[in-house]
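1. sequence unavailable; structure follows:
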């Protein structure tokens, strides 16, 4: 443990001890001390930056505090956060929502990226199989998120380019770009919003989920 970390930890300990003699430190004070500890304990290396660990916004803070309190956000707060996140979604610059499902599958299966051993020039993976079932061939997958097998077929998307499919196509894009626009405290990473995936990659994953030829819909 370096000297700077020791000093910050001592400050945190003092705050907790003081809580026994006076009022407990506020959430804001504890958050500030935690940020200091993280910044003192970690360093930038390769594509991983300390700022990415400590950078939080109103959505993250509200959901974390609700989790600590052991109760969900109230409906008004959740709705306001969802509306704020919806405004951050960047829709396809060329109007094309559907990409190549084969490339989408490769992205979904890749869990590489954003670790200190990764090359910053290499595109990140989506790591989708870590939380979802996507095709029936996959025998090992996460269950944090719902199964996405037959995602497009269940929603009646036989032709993603048809006007009838417009709402589902846009929702799918938005959900991948910033899931918190639809569920304020969603566990799903905000892939586009946080720079995990670029526009082209999101387009290909939408293709994986909605293209009738994709293994997802077989």
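-> Good, I have the coordinates. This is a predicted model, so every value here is computed, not measured.
2. please parse this protein into its domains.
-> 3-77, 101-217 (automatic domain parsing).
3. do I have it right that residue 105 meets residue 208?
-> Yes - at 5.4 Å, residue 105 counts as touching residue 208 under the criterion of CB atoms under 8 Å. To be clear about C-beta, it is placed using only N, CA and C from the backbone, and glycine gets the same treatment.
4. what is in contact with the two at once?
-> Residues touching both residue 105 and residue 208 (CB atoms under 8 Å, 6 or more residues apart in numbering) are 134, 214.
5. higher neighbour count, those two?
-> Between residue 105 and residue 208, counted using other CB atoms under 10 Å, residue 208 has the larger neighbour count: 30 against 22.
6. quick one: that one and residue 202 touch, right?
-> No - look at residue 208 against residue 202 with CB under 8 Å: they stay out of range, at 10.6 Å.
7. identify the residues contacting the residue nearest to residue 183 when sequence neighbours are not counted.
-> Residue nearest to residue 183 in three dimensions, not counting chain neighbours: residue 82, with 7.3 Å by CB to CB, 6 or more residues apart in numbering. Contact analysis of residue 82 by CB under 8 Å, 6+ apart lists 180, 181, 182, 183, 184.
8. out of those residues, which end up buried?
-> 180, 181, 184 (16 or more other CB atoms under 10 Å).
9. these two touch, right, the second one and residue 171?
-> No - in terms of CB under 8 Å, residue 181 does not count as a neighbour of residue 171; the distance is 9.7 Å.
10. what's the pLDDT at the nearest residue to residue 150 once chain neighbours are set aside?
-> Nearest residue to residue 150, sequence neighbours excluded (CB to CB, 6+ apart): residue 217, at 5.9 Å. Per-residue pLDDT puts residue 217 at 96.
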